[in-house]
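A.B. asks: coords below, sequence missing:
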């Protein structure tokens with residue numbers, strides 16, 4: 001089993017910045033791609049940004065140029081630096097990891113999700 005714990009959400013004024021962090025923990029696992037998703041009230045969860053184990057990144061068009069995703073493979077952490085925040089960025093942000101758990105000869109691959117952290121952009 002792999003656990004993801006997010007931190008860094010909060011209330012910020014339009015134009016401000018926030019940094020989200022997510023740490024993966026567990027025993028005998030490895031992490032492939034990691035990413036951030038968000039879900040606003042009444043809307044579907046959407047991809048914000050993702051990063052693979054080699055550092056390749058992908059961003060939603062609505063955040064490109066404002067958000068930066070990064071990861072530390074040695075610590076199994078992923079961060080999302082959010083700048084120039086807009087009210088429409090308000091949502092619950094979720095961390096996701098594509099991870100493999102090793103149980104003897106079994107390699108169990110799953111998507112794991114964090115509990116979510118609220119980001120509110122408002123004056």
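C.D. replies: Perfect, I can see it now. Please read these numbers as outputs of a predicted model, since none were measured by experiment. Numbering: from 1, shown residues only.
A.B. asks: neighbours around the closest residue to residue 45 other than its chain neighbours, how many?
C.D. replies: Spatial nearest neighbour of residue 45, excluding adjacent residues (C-beta to C-beta, 6 or more residues apart in numbering): residue 39 at 4.2 Å. Where you see a C-beta, it was placed from the backbone N, CA and C, and this is true even at glycine. By the criterion of other C-beta atoms under 10 Å, residue 39 has 14 neighbours.
A.B. asks: Bridged to residue 39, which residues?
C.D. replies: residue 92 (DSSP bridges).
A.B. asks: what about the most centrally placed residue in the chain, distance to residue 27?
C.D. replies: The residue lying closest to the centre of the chain (C-alpha atoms, centre = their mean) is residue 36, at 2.8 Å. Using C-beta to C-beta, to the nearest Å, residue 36 is found at 25 Å from residue 27.
A.B. asks: now do residue 52
C.D. replies: Residue 52 is 23 Å from residue 27, by C-beta to C-beta.
A.B. asks: Residue 76 too?
C.D. replies: 12 Å.
A.B. asks: So for the two, which residue has more residues nearby?
C.D. replies: Neighbours per residue (other C-beta under 10 Å) separate residue 76 from residue 27, with residue 76 holding more: 20 against 9.
A.B. asks: surely that one meets residue 24?
C.D. replies: Yes. Applying C-beta atoms under 8 Å, one finds residue 76 in contact with residue 24, separated by 4.1 Å.
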